[in-house]
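>>> fold the following.
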Amino acid sequence: MHTQRETIYFGVRLQGEARVYKRSIICGGEAGLTTAIDPRTDLRNHSPTGLEWGYCGSGPAQLALALLADHLRDDALALSLYQNFKRCVVARIERDLSWTLPASRLAEMAAALAANQICESLGREHLAEVVDFNAYKLRKTNG
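Predicted coordinates for the structure are as follows:
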């Protein structure tokens with residue numbers, strides 16, 4: 001029998017430092033393993049100090065690349081999409097908020113970017129449909 005899993009990416013601030021993890025959720029809501037995502041500085045080293053969100057800078061570029069490379073498992077494709085993904089999604093997440101991003105939504109955004117769909121029309125209201133702000137409680141990251 002095949003067990004369905006969904007990967008959820010989430011970002012939190014712990015003592016002022018941005019941390020980004022992924023968690024596998026097994027069908028039925030049972031939480032699987034939580035791991036920090038690899039920043040993928042081997043592909044591009046924009047931000048040796050870490051991942052960030054909420055502005056168009058080096059930390060958000062590194063996060064966009066890390067998310068796409070992890071999910072797509074295609075480094076060349078991730079490298080071709082991450083700057084637009086940074087501008088369309090990562091830079092628009094409010095800096096002080098925690099957030100979650102289901103892998104299924106990440107896949108939709110990557111497909112849209114790969115099809116050269118422009119993201120300028122992606123307003124805060126639509127972004128809230130893609131990224132769930134403040135949805136992940138810090139207590140869930142400790143277990």
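
>>> what's near enough to touch residue 86?
Residue 86 makes contacts with 56, 60-61, 63-64, as judged by Cβ atoms under 8 Å, 6 or more residues apart in numbering. C-beta here means a position set from N, CA and C on the backbone, and glycine is covered the same way.

>>> redo those residues as TSV? Include secondary structure and distance to residue 114.
Converted to TSV, these look like this (DSSP: H, G, I helix; E, B strand; the rest coil; distance: Cβ to Cβ, whole Å):
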residue	secondary structure	distance to residue 114
56	coil	21
60	helix	20
61	helix	18
63	helix	19
64	helix	14
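
>>> which residue is nearest the centroid of the protein?
residue 67 (4.7 Å; Cα atoms, centre = their mean).

>>> what's the spacing between the helix or strand containing it and its chain's center?
Here residue 67 sits within helix 58-72, counting by DSSP states H and E. With Cα atoms, centre = their mean, to the nearest Å as the basis, helix 58-72 stands 7 Å off its chain's centre.

>>> again with stretch 53-62
The answer for stretch 53-62 is 12 Å, by Cα atoms, centre = their mean.

>>> from the contacts of residue 86, list just the buried residues.
60-61, 63-64 (16 or more other Cβ atoms under 10 Å).

>>> farthest pair within those?
61 and 63 (7.4 Å; Cβ to Cβ).

>>> so what sits against both of the two?
In contact with both residue 61 and residue 63: 86, 90, using Cβ under 8 Å, 6+ apart.

>>> pLDDT at residue 43, what is it?
The score at residue 43 is 96. That number is its pLDDT.

>>> then the one 10 residues further on?
In this prediction, residue 53 carries a pLDDT score of 95.

>>> was I right about it contacting residue 91?
Yes: in this structure residue 53 lies within contact range of residue 91 using Cβ atoms under 8 Å: 7.3 Å.

>>> compare the two and say which is more crowded by neighbours.
residue 53 (24 against 19; other Cβ atoms under 10 Å).

>>> pull the helix or strand with minimum mean pLDDT from this protein.
helix 124-130 (a mean of 51; mean pLDDT, DSSP states H and E).

>>> just to revisit the earlier point, common neighbours of residue 53 and residue 91, please.
residue 60.
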